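1. got a structure for you, letters missing:
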């Protein structure tokens with residue numbers, strides 16, 4: 001793994017933990033951090049790693065965009081900033097590996113978007129989530145894209161329009177995260193989830209992840225057609241065929 005200035009990257013076995021490591025900036029998604037995170041994720045995506053944990057150091061998971069990247073900048077410069085952010089978010093879902101967010105503290109604005117974009121998320125009970133633009137002059141337009149795809153319309157708009165934070169248990173109830181655990185169990189619970197989420201052949205898992213995101217954007221008939229094609233390809237593959245034969249022969253694959 002290449003050197004990093006804004007991130008901490010640790011690998012244990014087949015799991016890589018990428019930690020936002022700018023606590024003095026509340027782990028804001030500054031332009032340099034986003035570019036570095038994109039590069040690191042690309043490296044992991046092409047490696048033999050089986051799963052990724054996205055975490056953060058310091059008291060805040062992420063405060064979202066760094067205002068210094070927008071203050072006194074032109075429309076084209078800020079638009080380019082949001083394009084880079086979108087590419088980073090899209091990459092998280094394009095990676096072949098499952099990605100689990102390990103959330104503590106506050107995840108706000110684009111930091112909340114980051115959690116919503118990960119495949120799975122576990123939060124400590126002291127965590128909170130917000131789209132605070134509703135209280136100020138910059139509405140959380142792009143964060144709402146990811147958040148609204150996790151929540152129902154009314155709840156997503158409540159977050160965006162009020163700007164008020166919700167606690168971790170509410171976030172779990174609303175579907176923004178998978179589960180809440182005591183803060184001192186957060187690391188273990190996240191490792192347990194990513195371990196279970198990476199069972200089975202990596203190729204099948206990667207195909208399943210990509211097919212899921214693709215079919216979610218399609219009308220139901222097209223979604224079934226796409227999922228059927230991918231599942232048929234998976235079914236005739238060597239790994240699936242071996243498991244079928246093992247089941248029929250009443251032996252372990």
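-> Good, I have the coordinates. Since the model is a prediction, treat every value here as computed from it, not as a measurement.

2. Quickly find the element holding residue 213.
-> helix 202-216 (DSSP states H and E).

3. From the contact counts, what lies against the following helix or strand past that helix?
-> Using DSSP H and E, the helix or strand that follows helix 202-216 in sequence is helix 220-235. With contacts taken as 3 or more Cβ pairs under 8 Å, 6 or more residues apart in numbering; DSSP states H and E, helix 220-235 sits against helix 202-216. All C-beta atoms are positioned from the backbone trio N, CA, C, and that covers glycine.

4. For the helix it packs on, what does the pLDDT average out to?
-> Helix 202-216 comes out with an average pLDDT of 94.

5. Check stretch 72-89 too.
-> 95.

6. Same question for stretch 148-157.
-> 96.

7. Quick one: end-to-end distance for that stretch.
-> Stretch 148-157 has an end-to-end distance of 8 Å (Cα to Cα, to the nearest Å).

8. what does stretch 92-110 give?
-> OK, stretch 92-110 end separation, Cα to Cα: 14 Å.

9. if we can go back for a sec, which other helices and strands does the helix holding residue 213 contact?
-> Helix 202-216 packs on helix 75-94, helix 220-235, helix 238-248, going by 3+ Cβ pairs under 8 Å, 6+ apart.

10. Give me the contact list for the shortest one.
-> Judged by Cβ atoms under 8 Å, 6 or more residues apart in numbering, the contacts made with helix 238-248 from elsewhere in the structure are 201, 203-204, 234-235, 252-253.

11. Can you select the buried ones from those in PyMOL?
-> Those of those that count as buried under 16 or more other Cβ atoms under 10 Å are selected in PyMOL with:
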select buried, resi 234
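
12. Could you list the buried residues of stretch 107-126?
-> 107-125.

13. out of the residues you listed, which are inside helices?
-> 110-117 (DSSP state H).

14. is it possible to export the residues you listed to a markdown table including pLDDT?
-> Listed next are these as a markdown table, based on pLDDT from 0 to 100:
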| residue | pLDDT |
| --- | --- |
| 110 | 97 |
| 111 | 98 |
| 112 | 98 |
| 113 | 98 |
| 114 | 98 |
| 115 | 98 |
| 116 | 98 |
| 117 | 98 |
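
15. which residues touch the residue lying closest to residue 81 once chain neighbours are set aside?
-> Nearest non-adjacent residue to residue 81, counting by Cβ to Cβ, 6 or more residues apart in numbering: residue 69, 5.4 Å away. Applying Cβ under 8 Å, 6+ apart to residue 69 gives the contacts 30-31, 78, 81.

16. of the residues you listed, buried ones?
-> Buried among the contacts of residue 69 (16+ other Cβ under 10 Å): 30-31, 81.

17. one step back: next, the angle helix 220-235 makes with the helix holding residue 213.
-> 170 degrees (axes from the mean of the first three to the mean of the last three Cα atoms, to 10 degrees).

18. Quick one: residues in contact with helix 202-216.
-> Contacts for helix 202-216 (Cβ under 8 Å, 6+ apart): 50, 93-98, 119, 149, 197-198, 222-224, 226-227, 230-231, 233-234, 237, 239-240.
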